[in-house]
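Q: need a 3D model of the sequence below.
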Amino acid sequence: MSAKSDMENRRTVQISVLREVLNRILTFVEDDLGRREMLLAENSYWAIGENDRYSMEIQPQQLECGSLIDDWEFVRSAFDDPGQAIPLTLMHVAPILQALATALPSYPPQSKGPM
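A: Below is the predicted model of the structure:
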(Lines give C-alpha, C1' and ligand atoms only; values in the text may rest on other atoms or scores of the structure.)
Protein backbone atom coordinates (compact mmCIF):
# COMPACT_ATOMS: atom_id res chain seq x y z
CA MET A 1 0.00 0.00 0.00
CA SER A 2 1.45 3.36 -0.95
CA ALA A 3 1.94 6.20 1.53
CA LYS A 4 -0.68 8.24 -0.31
CA SER A 5 -3.25 5.44 -0.05
CA ASP A 6 -2.52 5.03 3.66
CA MET A 7 -2.95 8.79 4.21
CA GLU A 8 -6.19 8.81 2.23
CA ASN A 9 -7.49 5.87 4.27
CA ARG A 10 -6.75 7.69 7.53
CA ARG A 11 -8.53 10.80 6.28
CA THR A 12 -11.59 9.00 4.95
CA VAL A 13 -14.57 8.87 7.30
CA GLN A 14 -17.02 6.07 6.66
CA ILE A 15 -20.48 7.36 7.49
CA SER A 16 -21.65 3.87 8.50
CA VAL A 17 -18.85 3.63 11.10
CA LEU A 18 -19.60 7.11 12.44
CA ARG A 19 -23.32 6.29 12.67
CA GLU A 20 -22.64 3.03 14.50
CA VAL A 21 -20.28 4.63 17.02
CA LEU A 22 -22.73 7.45 17.72
CA ASN A 23 -25.52 4.92 18.18
CA ARG A 24 -23.36 2.90 20.60
CA ILE A 25 -22.47 5.99 22.61
CA LEU A 26 -26.06 7.23 22.82
CA THR A 27 -27.30 3.73 23.70
CA PHE A 28 -24.71 3.62 26.50
CA VAL A 29 -25.86 7.03 27.76
CA GLU A 30 -29.50 5.93 27.79
CA ASP A 31 -29.15 2.33 28.95
CA ASP A 32 -26.09 2.30 31.20
CA LEU A 33 -26.21 5.85 32.54
CA GLY A 34 -30.00 6.06 32.57
CA ARG A 35 -29.98 9.48 30.90
CA ARG A 36 -32.83 10.11 28.48
CA GLU A 37 -32.30 13.84 28.34
CA MET A 38 -29.87 16.49 29.45
CA LEU A 39 -30.32 20.00 30.67
CA LEU A 40 -28.39 22.61 28.74
CA ALA A 41 -26.69 24.10 31.80
CA GLU A 42 -25.04 26.74 29.65
CA ASN A 43 -26.26 28.36 26.47
CA SER A 44 -23.58 30.49 24.86
CA TYR A 45 -20.26 29.10 23.64
CA TRP A 46 -17.24 30.32 21.72
CA ALA A 47 -16.68 29.02 18.19
CA ILE A 48 -14.00 29.50 15.59
CA GLY A 49 -15.31 30.89 12.33
CA GLU A 50 -15.65 28.58 9.36
CA ASN A 51 -12.97 30.42 7.38
CA ASP A 52 -10.40 30.04 10.18
CA ARG A 53 -11.31 26.63 11.62
CA TYR A 54 -9.03 24.51 9.43
CA SER A 55 -6.42 27.11 8.52
CA MET A 56 -3.36 26.34 10.61
CA GLU A 57 -1.16 29.01 9.03
CA ILE A 58 -2.39 31.78 11.31
CA GLN A 59 -4.12 31.84 14.66
CA PRO A 60 -7.78 32.99 14.53
CA GLN A 61 -8.09 36.61 15.51
CA GLN A 62 -11.82 36.59 16.12
CA LEU A 63 -14.14 34.15 17.81
CA GLU A 64 -17.82 33.74 17.11
CA CYS A 65 -20.57 33.08 19.63
CA GLY A 66 -23.00 30.19 19.34
CA SER A 67 -26.16 29.26 21.21
CA LEU A 68 -26.93 25.70 22.31
CA ILE A 69 -30.61 26.59 22.56
CA ASP A 70 -30.61 27.83 18.96
CA ASP A 71 -28.69 24.72 17.89
CA TRP A 72 -31.27 22.53 19.62
CA GLU A 73 -34.09 24.37 17.84
CA PHE A 74 -32.43 23.58 14.49
CA VAL A 75 -32.06 19.92 15.48
CA ARG A 76 -35.69 19.74 16.64
CA SER A 77 -36.79 21.28 13.33
CA ALA A 78 -34.90 18.54 11.48
CA PHE A 79 -36.58 15.94 13.70
CA ASP A 80 -40.06 17.40 13.19
CA ASP A 81 -39.59 17.88 9.43
CA PRO A 82 -37.36 15.22 7.82
CA GLY A 83 -36.90 17.57 4.85
CA GLN A 84 -34.86 19.80 7.18
CA ALA A 85 -32.44 16.97 8.04
CA ILE A 86 -29.77 18.19 5.67
CA PRO A 87 -25.97 18.09 6.12
CA LEU A 88 -25.91 21.72 7.28
CA THR A 89 -27.75 20.60 10.42
CA LEU A 90 -24.57 18.78 11.49
CA MET A 91 -23.15 22.23 12.36
CA HIS A 92 -25.84 22.42 15.04
CA VAL A 93 -25.50 18.81 16.19
CA ALA A 94 -21.76 19.12 16.88
CA PRO A 95 -21.96 21.73 19.69
CA ILE A 96 -24.74 19.73 21.38
CA LEU A 97 -22.59 16.59 21.26
CA GLN A 98 -19.69 18.56 22.75
CA ALA A 99 -21.93 19.83 25.55
CA LEU A 100 -23.18 16.28 26.18
CA ALA A 101 -19.61 14.96 26.26
CA THR A 102 -18.60 17.45 28.95
CA ALA A 103 -21.82 17.08 30.97
CA LEU A 104 -21.58 13.31 31.36
CA PRO A 105 -19.07 11.44 33.49
CA SER A 106 -15.93 10.43 31.68
CA TYR A 107 -14.82 6.93 32.55
CA PRO A 108 -14.16 3.69 30.72
CA PRO A 109 -17.30 1.59 30.28
CA GLN A 110 -17.51 -1.83 31.85
CA SER A 111 -16.45 -4.47 29.36
CA LYS A 112 -19.49 -6.31 28.02
CA GLY A 113 -17.69 -7.98 25.18
CA PRO A 114 -17.93 -6.93 21.54
CA MET A 115 -20.76 -4.56 20.69
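
Q: now do the helices in this protein.
A: Taking DSSP state H as the criterion, the chain carries its helices at 3-11, 15-31, 68-80, 90-103.

Q: and of those, who's closest to Leu40?
A: helix 68-80 (4.8 Å; Cβ to Cβ). Heads up, the C-betas are built off the backbone N, CA and C, glycines and all.

Q: okay, the helices of the chain in a markdown table with mean neighbour count next?
A: Formatted as a markdown table, those follow (neighbours: other Cβ atoms under 10 Å):
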| stretch | mean neighbour count |
| --- | --- |
| helix 3-11 | 9 |
| helix 15-31 | 11 |
| helix 68-80 | 15 |
| helix 90-103 | 14 |
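
Q: looking at those helices, which is closest to Ser44?
A: helix 68-80 (7.7 Å).

Q: turn the helices of the chain into a markdown table, columns for distance to Ile58 and mean pLDDT.
A: Output for the helices of the chain, formatted as a markdown table (distance: least, Cβ to Cβ, whole Å; pLDDT from 0 to 100):
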| stretch | distance to Ile58 | mean pLDDT |
| --- | --- | --- |
| helix 3-11 | 23 | 74 |
| helix 15-31 | 30 | 95 |
| helix 68-80 | 27 | 96 |
| helix 90-103 | 23 | 94 |
